[in-house]
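Undergrad: for reference, the sequence and a predicted model appear below.
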Amino acid sequence: MSYQFQKMPEEKVFKDPVHRYIHVRDQLIWDLIKTKEFQRLRRIKQLGTLYLSFHSAEHSRFNHSLGVYEIVRRMIDEVFYGRPAWNDEDRPLALCAALLHDLGHGPFSHCFEKIFGTDHEEYTQAIITGDTEVNAVLSRVHPNFPEEVAEVINKTHPNKLVISMISSQIDADRMDYLQRDAYYTGVSYGSFDMERILRLMRPTENEVMIKESGMHAVEDYLMSRYQMYWQVYFHPVSRGGEVLLNRCFKRVKVLYEAGYEFKSLPTYLLPFFTGNVSVKDYLRLDETVVFYYLQEWMEEDDTILSDLSSRFVNRDLFKYLPFDGSIITIGELTELFERAGIDPEYYFVSDSFSDLPYDYDRPGSNNNRKPIHLLTRSGRVKEISTQSVIISSITGVNRMDYKLYYPKELILNIKDLEVKGAIINLLNELN
């Protein structure tokens with residue numbers, strides 16, 4: 001039997017709080033799990049700084065990646081197998097793409113990306129196609145197989161059905177992280193009837209569809225996603241932690257470019273300062289390394305870096321206030337902070353975020369989202385918002401939120417009473 005379809009003598013299982021068990025019988029998948037690049041995901045938190053808000057949110061990208069693999073395995077083995085639109089020759093491609101879809105995430109993923117201009121999806125593809133253990137395993141299938149897996153993750157592979165299983169508005173990735181993140185944060189928002197959704201999925205040439213009788217389970221799934229974003233992922237305390245970490249990285253980069261002599265040179269970050277980052281450089285960096293540097297930076301002579309690092313490590317976060325996004329208010333407060341001797345570049349941060357719970361590409365829209373399609377008994381295909389009042393009400397609705405972050409104790413210690421009073425009055429107006 002060829003390598004991509006080779007089974008192990010005995011099935012391996014991972015005990016899992018979301019799926020009960022994650023089953024591995026394919027030698028290809030087991031070999032990928034054992035690679036050092038995949039094992040690195042144990043050292044990357046799934047939710048970044050969210051543990052500062054939800055103390056048990058300590059799970060990793062490793063957990064999540066196994067979960068996505070398991071959902072895709074169940075799609076194939078329990079629902080798709082034997083159906084006309086599914087070709088079981090594509091099974092290895094779908095399973096490998098599911099398992100490896102988050103391989104390129106870095107420490108505190110999105111925060112790190114904003115400062116150093118990295119893209120985890122690009123690095124995922126680079127790791128898969130580069131000189132890595134993962135590439136060596138995938139190449140045993142055939143020489144072009146790593147490129148095929150990377151194309152699925154990049155959404156450029158001609159097999160649109162496999163892409164939709166892993167990356168769409170109702171895919172294995174979202175179905176795992178909603179349930180997994182809800183479990184580890186201790187909330188109930190991420191709960192939905194995945195069993196019914198899986199059972200009513202139908203493979204077609206270009207996408208996974210849902211039988212019309214599963215519409216209400218999809219409504220529940222989309223509303224769970226909406227609640228998770230606004231109650232968990234966008235939690236203002238977690239965002240405050242990300243603001244602090246962002247400013248730490250920014251200060252380090254500024255100091256390095258200015259020729260500052262670090263007491264402990266952040267060697268693993270140097271390629272990111274110069275913009276010459278190899279795959280090997282990228283893979284050396286994980287959250288263990290970043291936490292080490294943060295504790296080293298607490299002892300630096302630069303008071304801003306030392307303070308910001310100490311605040312993050314010891315969870316001494318900035319206070320926050322909602323605001324209306326007014327540029328005038330930001331400008332006034334920035335000027336007052338400068339007059340008070342508090343550097344607004346690091347100690348006064350406006351943060352905005354938004355979410356679009358469901359939408360689809362149509363004339364006049366500015367997105368390339370693929371719709372969720374329902375398959376009727378007669379074989380007709382209908383876009384779900386045309387059939388669901390609930391989903392219709394949230395389709396295309398982009399909700400925004402704005403927060404201001406600042407160190408309250410530094411404001412209270414301002415010696416210029418006029419400036420201090422002006423800052424406090426402006427902040428009170430926002431509160």
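TA: Cool, the structure landed.

Undergrad: in this protein, which strand is the longest?
TA: strand 7-16 (DSSP state E).

Undergrad: let me know the average pLDDT across that one.
TA: Per-residue pLDDT values over strand 7-16 give a mean of 97.

Undergrad: helices and strands around it, which ones?
TA: Using 3 or more Cβ pairs under 8 Å, 6 or more residues apart in numbering; DSSP states H and E, the elements in contact with strand 7-16 are strand 20-26, helix 27-33, helix 61-74. Every residue, glycine included, has its C-beta placed from N, CA and C.

Undergrad: scan this protein for its longest helix.
TA: helix 236-257 (DSSP state H).

Undergrad: tell me how far that one lies from the chain's centre.
TA: 18 Å (Cα atoms, centre = their mean, to the nearest Å).

Undergrad: may I have that helix exported as PDB, CA atoms only?
TA: C-alpha atoms of helix 236-257 as PDB (Å, rounded to 0.1, in the frame of the first residue of the first chain):
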ATOM      1  CA  PRO A 236     -11.300  44.500  26.900                       C
ATOM      2  CA  VAL A 237      -9.000  43.200  29.600                       C
ATOM      3  CA  SER A 238      -7.400  40.700  27.100                       C
ATOM      4  CA  ARG A 239      -7.200  43.500  24.500                       C
ATOM      5  CA  GLY A 240      -5.400  45.600  27.200                       C
ATOM      6  CA  GLY A 241      -2.800  42.800  27.600                       C
ATOM      7  CA  GLU A 242      -2.300  42.800  23.800                       C
ATOM      8  CA  VAL A 243      -1.900  46.600  23.900                       C
ATOM      9  CA  LEU A 244       0.800  46.300  26.500                       C
ATOM     10  CA  LEU A 245       2.600  43.500  24.700                       C
ATOM     11  CA  ASN A 246       2.300  45.400  21.400                       C
ATOM     12  CA  ARG A 247       4.000  48.500  23.000                       C
ATOM     13  CA  CYS A 248       6.700  46.300  24.500                       C
ATOM     14  CA  PHE A 249       7.700  44.900  21.100                       C
ATOM     15  CA  LYS A 250       7.400  48.400  19.600                       C
ATOM     16  CA  ARG A 251       9.800  49.900  22.200                       C
ATOM     17  CA  VAL A 252      12.300  47.100  21.800                       C
ATOM     18  CA  LYS A 253      12.300  47.600  18.000                       C
ATOM     19  CA  VAL A 254      12.700  51.400  18.400                       C
ATOM     20  CA  LEU A 255      15.600  51.000  20.900                       C
ATOM     21  CA  TYR A 256      17.400  48.500  18.700                       C
ATOM     22  CA  GLU A 257      17.100  50.800  15.600                       C
END
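
Undergrad: list the buried residues of the helix or strand following it.
TA: From helix 236-257 onward toward the C-terminus, using DSSP states H and E, the following helix or strand is helix 270-274. Buried positions in helix 270-274, judged by neighbour count with 16 or more other Cβ atoms under 10 Å: 271, 272.

Undergrad: and for stretch 283-298?
TA: 283, 285, 286, 287, 289, 290, 293, 294, 297, 298.

Undergrad: tell me the mean pLDDT for it?
TA: Mean predicted confidence for stretch 283-298 is 96.

Undergrad: can you tell me what sits against stretch 221-235?
TA: If you take Cβ atoms under 8 Å, 6 or more residues apart in numbering as the criterion, stretch 221-235 is touched by 47, 50, 53-54, 170, 174-175, 178, 181-182, 185, 187, 189-194, 197, 353, 355, 357-358, 390-391, 394, 399, 401.
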